[in-house]
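Enquirer: The following comprises the amino acid sequence and a computationally predicted model.
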Amino acid sequence: MAEILLDPDIRIWVFLPIVIITFLVGIIRHYVSLILQSDKVVDSKALQTSQTLMRSRILRENGKFIPAKAFHSRKTYFNDKDRGYFTLKQNSTETQQPKNPMSDPSMMTEMMKGNLTNMLPMIVIGGWINWAFSGFLTTKVPFPLTLRFKEMLQRGVALPSLDAAWVSSVSWYFLNVFGLRSVYTLILGQDNGKHLTF
């Protein structure tokens, strides 16, 4: 098979614009989601329970490093049959039914905001790239691939004799959408890039 050469203008007018557009849309999506995000209300009782569970776990793991009397007094505080923290907590929660998180309208609103800020830009920009750059081959992966990858990497290009290592513009967009996560983490910080995942 003859070697295919790409026009250098494809790098300037197709390859780089897809990378830049995908990156900038991800940054804008990050800041829009920060604007739409509401402050989370911390439930003091749930926080106290989780902190107590953590203290009991630490005691269980590291109890061998403290004196036996101190360990047994702490163990009694947590597990005493009459006055233990977990016994009292269990008796008080048996009468209450757990709250259904799907019945909370604020949680449903937060889920809808997250879906809106993540999926809507992906659909709009993906459709625009499919329309504007339809039929372009943008790059070739530097290693051989089997024919099963052809359907994934050559979306929008229907050439049966084309090598599977070539990547179409639409597939290049999706590779960028999912591949730029580490770049977002690098630029926005470790905790700021978490909601950019799909």
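Expert: Structure received.

Enquirer: all contacts plus neighbour counts: C-alpha atoms, from now on.
Expert: Noted.

Enquirer: Need the per-residue pLDDT for the nearest residue to Arg29 once chain neighbours are set aside.
Expert: Leaving aside its chain neighbours, Arg29 sits nearest to Thr117 (6.2 Å; criterion: C-alpha to C-alpha, 6 or more residues apart in numbering). On the pLDDT scale, Thr117 is placed at 90.

Enquirer: repeat for the one 10 residues further on
Expert: Note on Gly127: pLDDT of 94.

Enquirer: could I get stretch 33-41 in PDB with only the CA atoms?
Expert: The C-alpha coordinates for stretch 33-41 follow below in PDB (Å, rounded to 0.1, in the frame of the first residue of the first chain):
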ATOM      1  CA  SER A  33     -19.800  24.800  36.800                       C
ATOM      2  CA  LEU A  34     -18.200  26.800  39.600                       C
ATOM      3  CA  ILE A  35     -20.600  29.600  39.100                       C
ATOM      4  CA  LEU A  36     -23.600  27.300  39.100                       C
ATOM      5  CA  GLN A  37     -22.400  25.200  42.000                       C
ATOM      6  CA  SER A  38     -24.300  26.000  45.200                       C
ATOM      7  CA  ASP A  39     -22.700  25.800  48.700                       C
ATOM      8  CA  LYS A  40     -23.100  22.500  50.300                       C
ATOM      9  CA  VAL A  41     -24.800  22.500  53.700                       C
END
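
Enquirer: which residues sit against that stretch?
Expert: Here stretch 33-41 makes contact (C-alpha atoms under 8 Å, 6 or more residues apart in numbering) with 110, 113-114, 117.

Enquirer: ok so, going back, how far away is the residue nearest to Arg29 from Asp80?
Expert: 49 Å (C-alpha to C-alpha, to the nearest Å).

Enquirer: just Ser56 next, same as before
Expert: Distance, Ser56 to Asp80, using C-alpha to C-alpha: 13 Å.

Enquirer: Return the set of buried residues in the longest helix along the chain.
Expert: Secondary structure of the chain per DSSP state H: the longest helix is helix 105-132. Neighbour counts over helix 105-132 (16 or more other C-alpha atoms under 10 Å) mark 114, 117-118, 121-122, 125-126, 129-130 as buried.

Enquirer: Out of those residues, flag the one nearest to Leu16.
Expert: Ile129 (12.5 Å; C-alpha to C-alpha).

Enquirer: so the closest one makes contact with Ser171?
Expert: No: applying C-alpha atoms under 8 Å, one finds Ile129 not in contact with Ser171, separated by 10.1 Å.

Enquirer: Could I get the average pLDDT for the particular helix or strand that has Gln51 in it?
Expert: Using DSSP states H and E, Gln51 sits in helix 44-62. Helix 44-62 shows a mean pLDDT of 88.

Enquirer: for it, packing partners?
Expert: helix 68-79 (3 or more C-alpha pairs under 8 Å, 6 or more residues apart in numbering; DSSP states H and E).

Enquirer: Packing partners of the helix it packs on?
Expert: By 3+ C-alpha pairs under 8 Å, 6+ apart, helix 68-79 packs against helix 44-62, helix 85-94.
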